[in-house]
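K.L.:
Need a 3D model of the sequence below.
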Amino acid sequence: MNSKNQPNTASKMRVLFADDELPAREKLNHQLSLMEHVEVVAMATNGKEAITLINELTPDVVLLDIQMPEIKGLELIDLLNYQPIIIYTTAYDQFAIEAFEHASTDYLLKPFPIARLKKALAKALQQLEQQRAHTLVNHEPNEQTFTLTKNTINKLISKNGERIFLLSPSDIKFIKSEQGNSLAWNGDTFHHLSDTLDQL
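P.N.:
As a prediction, the model looks like this:
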């Protein structure tokens, strides 16, 4: 089932699922096998195994059980080196709000019919296509993209009344936070920055 070496094509959505219960895994595997556009790359039986497989195989979508031994589904998201599209599966509806707070695409309440699973995966596919399109646009090697990127990374914006200054990081000695404001010192003057210290 491990298809790590297979090419990641746009026609197939690479899916990994994690569930500690064998009947749930067997049912989900069967449901996914009936979908032509889905390629199951692996299945995990607990949270720790899920982390390893997700980081190694980088699937497009992960169907993740919330209640699992060792590490719960809601907890392991913060331990990933790679962020896939997440669809939570659980028998407990009280986790729904927390699941969406963890930026999940959908929430499937067990036992769910294949029609509900298809709907969730269709939503995930739409999100995946948007991500791919966004990546293509951001990597388009044209002059406009380069200029925007250069200005965003290499310039800091300081506004004093109606006047706006573009500051080069190489000219700044240090930046401090004072009463919620970010101040950049260039050796001569403090400049108020539009971004907070956390954003910088």
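K.L.:
Please count neighbours and contacts with C-alpha atoms only from this point.
P.N.:
Noted.
K.L.:
Over to E39. Which of the three states is it?
P.N.:
What DSSP: H, G, I helix; E, B strand; the rest coil gives for E39 is strand.
K.L.:
OK, contacts around the residue nearest to it when sequence neighbours are not counted?
P.N.:
The shortest distance from E39 to any non-neighbouring residue, by CA to CA, 6 or more residues apart in numbering, is to R14 (4.9 Å). Listed by CA atoms under 8 Å, 6 or more residues apart in numbering, the contact set of R14 reads 8, 38-41, 59-61.
K.L.:
Confirm R14 sits in a strand?
P.N.:
Yes - counting by three-state DSSP, one finds R14 located in a strand.
K.L.:
pLDDT at A50, what is it?
P.N.:
At A50, the pLDDT value in this model is 93.
K.L.:
Tell me who's in contact with it.
P.N.:
Per CA under 8 Å, 6+ apart, neighbours of A50: 18, 43-44.
K.L.:
element containing it, please.
P.N.:
helix 47-57 (DSSP states H and E).
K.L.:
again, but for R132
P.N.:
Going by DSSP H and E, R132 is in helix 114-138.
K.L.:
Check which helices and strands that helix is in contact with.
P.N.:
Applying 3 or more CA pairs under 8 Å, 6 or more residues apart in numbering; DSSP states H and E, one finds that helix 114-138 contacts strand 85-90, strand 106-109.
K.L.:
With adjacent residues omitted, what lies nearest to R116?
P.N.:
Per CA to CA, 6+ apart, closest to R116 is L108, 7.7 Å.
K.L.:
can you count the residues close to V15?
P.N.:
23 (other CA atoms under 10 Å).
K.L.:
on that earlier part again, flag every buried residue along the helix holding R132.
P.N.:
Judged by neighbour count (16 or more other CA atoms under 10 Å), helix 114-138 contains these buried residues: 114, 117, 120-121, 124-125, 128.
K.L.:
tilt between it and strand 85-90?
P.N.:
Helix 114-138 and strand 85-90 meet at an angle of 160 degrees, taking axes from the mean of the first three to the mean of the last three CA atoms, to 10 degrees as the criterion.
K.L.:
what about helix 114-138, average pLDDT?
P.N.:
pLDDT averaged over helix 114-138 gives 84.
K.L.:
what's in contact with that helix?
P.N.:
Against helix 114-138 from outside (CA under 8 Å, 6+ apart): 13, 31, 60-61, 85, 87, 105-106, 108, 145.
K.L.:
Tell me which two of those residues sit farthest apart.
P.N.:
Within those, two members stand farthest from each other by CA to CA: Q31 and T145, at 42.7 Å.
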